[in-house]
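> Need a 3D model of the sequence below.
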Amino acid sequence: MLHLDPALFEDVPSSSNASTEYETVDDEDLANYISNYQGYIYYQRLFFIAQRCPSLRVTALRLAHDYIKKSTLDSSAYNKIFLMLAEQTNVSVDNSSTSSETSRQQQQSAFTMRLITNNNLSDGLSMSSSGELGVIGSSLTEAARNVLTDVMSGKNEANLIYDAKWEESTRRKGVMLLEQLDTELKNHKANSIKESIRRGSDDLGDLYLQLGQLSNANKCFARSRDYCTSQQQELTMCLNVIKVAIFQRAWSHVSAHVTRASSLSELRDTAPLIGAVELNAQQRNRTEALARLSTARTTTSGISTEPSTRSGSSSSTDPSSRILSRQPGDILGGHIPTSGGQSYRDALAQARTQLAIAAGLVELASRNYRGAATNFLQVSHDHC
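Purely as a prediction, here's the structure:
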């Protein structure tokens, strides 16, 4: 059984223990950094930064707030933003309260907010247009309820106001789309058309991911396995499951589907051919680099005639960041070409790279750093 590092699931450290080196990070750097991501991992990464870097907390939550409203249907993540803001807000108490009582209520309120956030109960949070707060599946003390009400009305460090109309309309839209896709999938099953059932399951999985419901997304992607009619489709299924399992930190599922995908003959049989194509590309890159270097060194009367050209590899984003920045449905551009042309080889090379990254993440989770390095060295930078 895969050993999971307990450190991956430890509680968020308090701001007093935060490293001082994070204090020098610029807000603009965060915006540039997070632009390498998209989809679910975009705002989850911002949540991570907000919890661990106090100096970027406000900027991270604002970026997450704007992205969620603009590009997702994840009302639960939207609610989580205000719960995180409420964690840092002091509880308002009567003047007659003692200092020890004030401290106790503040600690109890912060603990309650953290409990709701960490246990994914934010989907039960809502505020009516009249300002009435409702929390389903959890109980709040009066002090905590007052703090949360104030935070959602705009009294918070990020100056964000809870948009009750957006939350309600988004939640209803999600329910409507789920019912529509579920009805279509049932019709496909009634007609016993495998390809339509597979595509319908993938569409439903993509929607669940848009809603932030990872467990349901994983079930839909895994369910499409029974309707795959080719190895290309099975490979796409494995990559979809791997993507969601990484979000869930379900490393045993990641490992199992990496093994399953790697055993497909489509990948094994084309590995030498893909390697030869990559080698030729690397040789061309080296030749072009030498030519540019020779041009830059050409001098007239001891003065260089041309400045050095810009590097061809300007991105500093690591491979694991790039795999997480793609949506499951877009991992292979929607499908793997069935022909044996260049696009087919590129798609398989991209799949091999993503499997190597996923395998490396599994090894990192189990603290097998040598194994992680071995897998990451198999990554093709041309197919990240």
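> any weak-confidence spans in the stretch 251-384 of the chain?
When residues are selected by pLDDT under 70, those of the stretch 251-384 of the chain lie in 268-342, 384.
> Go again with 80.
For the stretch 251-384 of the chain, residues meeting the criterion pLDDT under 80 lie at 265-345, 382-384.
> Over to the stretch 1-150 of the chain?
Low-confidence segments of the stretch 1-150 of the chain (pLDDT under 80): 1-28, 88-145.
> redo that, cut-off 70
Scanning the stretch 1-150 of the chain residue by residue, the ranges that satisfy pLDDT under 70 are 1-27, 89-140.
> what's the neighbour count on the closest residue in space to residue 62 that isn't next to it in sequence?
Ranked by CB to CB, 6 or more residues apart in numbering and with sequence neighbours excluded, the top spatial neighbour of residue 62 is residue 158, at 5.4 Å. The C-beta positions use only the backbone N, C-alpha and C, and glycine is treated the same way. Number of residues near residue 158 (other CB atoms under 10 Å) recorded here: 20.
> is it true that residue 158 lies in a strand?
No: using DSSP: H, G, I helix; E, B strand; the rest coil, the secondary structure at residue 158 is coil, not a strand.
> list the contacts for residue 370?
With contact set as CB atoms under 8 Å, 6 or more residues apart in numbering, residue 370 has no partners.
> tell me which element it falls in.
helix 369-376 (DSSP states H and E).
> Can you list the buried residues in that helix?
With burial defined by 16 or more other CB atoms under 10 Å, the residues of helix 369-376 counted as buried are 372, 375, 376.
> again with stretch 148-155
Residues 148, 149, 151, 152 are the ones in stretch 148-155 that count as buried (16+ other CB under 10 Å).
> Redo those residues as JSON lines? Include secondary structure.
Converted to JSON lines, those look like this (three-state DSSP):
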{"residue": "148", "secondary structure": "helix"}
{"residue": "149", "secondary structure": "helix"}
{"residue": "151", "secondary structure": "helix"}
{"residue": "152", "secondary structure": "helix"}
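> For these, which two are the farthest from each other?
Taking every pair in these and measuring CB to CB, the maximum separation is 7.3 Å, between 149 and 151.
> which residues are common contacts for those two?
With CB under 8 Å, 6+ apart applied, the contact sets of residue 149 and residue 151 do not overlap.
> Not counting residues beside it along the chain, what's closest to residue 228?
Spatial nearest neighbour of residue 228, excluding adjacent residues (CB to CB, 6+ apart): residue 234 at 4.4 Å.
> pretty sure that neighbour contacts residue 263?
No: the pair formed by residue 234 and residue 263 falls short of the contact definition of CB atoms under 8 Å, at 10.2 Å.
> Between the two, which is the more surrounded one?
Remark: of residue 234 and residue 263, residue 234 carries more neighbours, 17 against 10, as counted by other CB under 10 Å.
> List the buried residues in the strand or helix carrying that one.
In this structure, residue 234 is located in helix 231-248 according to DSSP H and E. Counting neighbours by 16+ other CB under 10 Å, one finds that the buried residues in helix 231-248 are 232-247.
> Then stretch 190-206?
Along stretch 190-206, these residues count as buried under the neighbour rule (16+ other CB under 10 Å): 196, 197, 198, 199, 200, 201, 202, 203, 204, 205, 206.
> cool, stretch 208-223 as well?
208-214, 216-223.
> quick one: contacts of it?
By CB under 8 Å, 6+ apart, the residues outside stretch 208-223 that reach it are 39-40, 72-77, 174, 178, 201-202, 204-206, 237, 240-241, 244-245, 247-248, 250, 253, 327-328.
> that older thread, please report how far the residue nearest to residue 228 lies from residue 219.
Counting by CB to CB, to the nearest Å, the gap between residue 234 and residue 219 amounts to 17 Å.
> before we move on, back to that, can you tell me which of the buried residues of stretch 148-155 lies nearest to residue 187?
Scanning the buried residues of stretch 148-155 for proximity to residue 187, where the rule is CB to CB, the winner is residue 152, at 41.0 Å.
> Next, count neighbours for the residue nearest to that closest one when sequence neighbours are not counted.
Ranked by CB to CB, 6+ apart and with sequence neighbours excluded, the top spatial neighbour of residue 152 is residue 162, at 3.7 Å. Other residues within reach of residue 162, judged by other CB under 10 Å, total 25.
> related to what we said a few turns ago, could I get the helix holding residue 370 in CSV with only the CA atoms?
Output of helix 369-376 as CSV, limited to C-alpha atoms (Å, rounded to 0.1, in the frame of the first residue of the first chain):
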residue,chain,number,x,y,z
TYR,A,369,12.8,11.6,-3.9
ARG,A,370,15.0,9.4,-6.1
GLY,A,371,12.0,7.8,-7.7
ALA,A,372,10.4,11.2,-8.2
ALA,A,373,13.6,12.6,-9.9
THR,A,374,13.7,9.5,-12.2
ASN,A,375,10.2,10.1,-13.3
PHE,A,376,10.6,13.8,-13.8
